[in-house]
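Colleague: A predicted structure for the sequence below; I have some questions about it.
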Amino acid sequence: MDRRASLPLRYLTGALSLCLSACGGGTTTVATPSAAPALSILAGAAATPVGHLDGAAASAQFNGAQGLVSDSGGNVWVLDDATVVRRISAQGQVTTPLGSAGVYGSSDGLGTAASFNAPRAIAIDQAGNLYVSDTGNQTIRKISPSLQVTTLAGTAGSLGSSDGSGSAASFDGPWGIAVDSGGNVYVSDSLNHTVRKITPAGVVTTLAGSAGVAGYSDGTGALARFDGPQGLCIDTAGNLYVADTFNQVVRKVSPAGVVTTLAGTAGVTGSVDGVAATALFDQPTDIAVDTSGNVWVYDAADQHLRRIHAGQVTTVLAAGSPTQGVAWTQLAAVQGLAMLAPGQLLLSEDAGVAVLSGWTP
């Protein structure tokens, strides 16, 4: 079976909505903290309207916001409109400093002279460089603090699984992205079913998984198997966490490439909380980790926000969950997760960006 037929990649169709059908069953126990967590809108609107409008955060409009990341200055960078990178400043102003809305392409250049093609995820290093998985172009882009865009690895429009340096390497559906303290970039190469590593010099290797081989197994390096991995994040120790979407599990990858299953049961869908090894997920698509060791997972088919902590899985937000401020059901399908500050989780959805805070550690 061609995974392109089932993997919900926007760049294959140009659509800006993610259609994920629910499957499977199970029971959900929504976490009930002593005080309901607070959910607020950082920029844009809850669900509607969509559009492309810069300005004050409260009146700005977004059109299919995707991955996002915050920098040390409190700015939030958001992939939007399948073609641009937006910035929400710490002062609450939204601008479009990179790319041009509605203009697809693969051009490198400064600021708005650059172009993108359905980028899916974004990460930042300690020097303030941004990295983008430019999914539709099959490349990884680098953006300097001065907003100069270059192509770090891959060749626009060229599908493949080749390791190598710079343009000699190839990807197939690069999705999640993360950067470690040494400046190494990690990418979940979704249609290759692998996790790739890119050195600061642009040398690409396959850290885990076997290109083109979908499956499920823990192990080291090429002995491990994934099935359409999407979201990816990294902790302060250099461990990667992967939303192994079609295996219905969350995986952990050590810096040495040792893959284990953190939570979920491979091949079994559901929304069951409890001990991590027996918990169930239904299409986990995005993931973030905070400094307290909480791993946050968005379960797309059920539209639930799950948390993995100390070997337990809980559902923090679902339909009917108590919140202070915006109701969870006011948000459209979440497309990205990232930490803003300790105790603050960013969530992107089609029409904007929200912040969750006030949860019990």
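Modeller: Yep, that arrived.

Colleague: quick one: average pLDDT of the helix or strand containing residue 353?
Modeller: In the assignment (DSSP states H and E), residue 353 maps to strand 352-357. Here the mean pLDDT over strand 352-357 is 96, rounded to a whole number.

Colleague: next one: stretch 119-139
Modeller: Stretch 119-139 carries an average pLDDT of 98.

Colleague: and that stretch, how far apart are its ends?
Modeller: Taking CA to CA, to the nearest Å as the measure, stretch 119-139 stretches 9 Å from start to finish.

Colleague: got the buried residues for it?
Modeller: Applying a neighbour-count criterion of 16 or more other CB atoms under 10 Å, the buried positions in stretch 119-139 are 119-125, 129-139. Every C-beta, even on glycine, is put in place using the N, C-alpha and C of the backbone.

Colleague: Do I have it right that residue 119 meets residue 80?
Modeller: No: when contacts are counted by CB atoms under 8 Å, residue 119 is not listed as touching residue 80 (9.3 Å).

Colleague: so what sits against both of these two?
Modeller: With contacts defined as CB atoms under 8 Å, 6 or more residues apart in numbering, the residues shared by residue 119 and residue 80 are residue 66.

Colleague: neighbours around residue 53, how many?
Modeller: One way to gauge burial is a neighbour count; for residue 53, by other CB atoms under 10 Å, it gives 16.

Colleague: okay, it: pLDDT?
Modeller: pLDDT recorded at residue 53 is 95.

Colleague: what bits of the stretch 1-150 of the chain have low per-residue confidence?
Modeller: 1-34, 46-48 (pLDDT under 70).

Colleague: Give me the average confidence score over whichever strand or helix holds residue 316.
Modeller: Per DSSP H and E, residue 316 falls inside strand 312-317. Throughout strand 312-317, pLDDT has a mean value of 96.

Colleague: What is the burial count for residue 278?
Modeller: Here the neighbour count serves as a burial measure; for residue 278 (other CB under 10 Å) it reads 13.

Colleague: could you pull out the strands for the stretch 1-150 of the chain?
Modeller: 38-44, 55-56, 68-70, 76-80, 84-88, 93-98, 109-110, 121-124, 130-134, 139-143, 148-153 (DSSP state E, counting those that start in this stretch).

Colleague: Same list (these) but as JSON lines, adding distance to residue 353.
Modeller: Formatted as JSON lines, the entries for the strands of the stretch 1-150 of the chain read as follows, by distance: least, CB to CB, whole Å:
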{"stretch": "strand 38-44", "distance to residue 353": "5"}
{"stretch": "strand 55-56", "distance to residue 353": "14"}
{"stretch": "strand 68-70", "distance to residue 353": "6"}
{"stretch": "strand 76-80", "distance to residue 353": "6"}
{"stretch": "strand 84-88", "distance to residue 353": "7"}
{"stretch": "strand 93-98", "distance to residue 353": "9"}
{"stretch": "strand 109-110", "distance to residue 353": "25"}
{"stretch": "strand 121-124", "distance to residue 353": "13"}
{"stretch": "strand 130-134", "distance to residue 353": "16"}
{"stretch": "strand 139-143", "distance to residue 353": "19"}
{"stretch": "strand 148-153", "distance to residue 353": "22"}
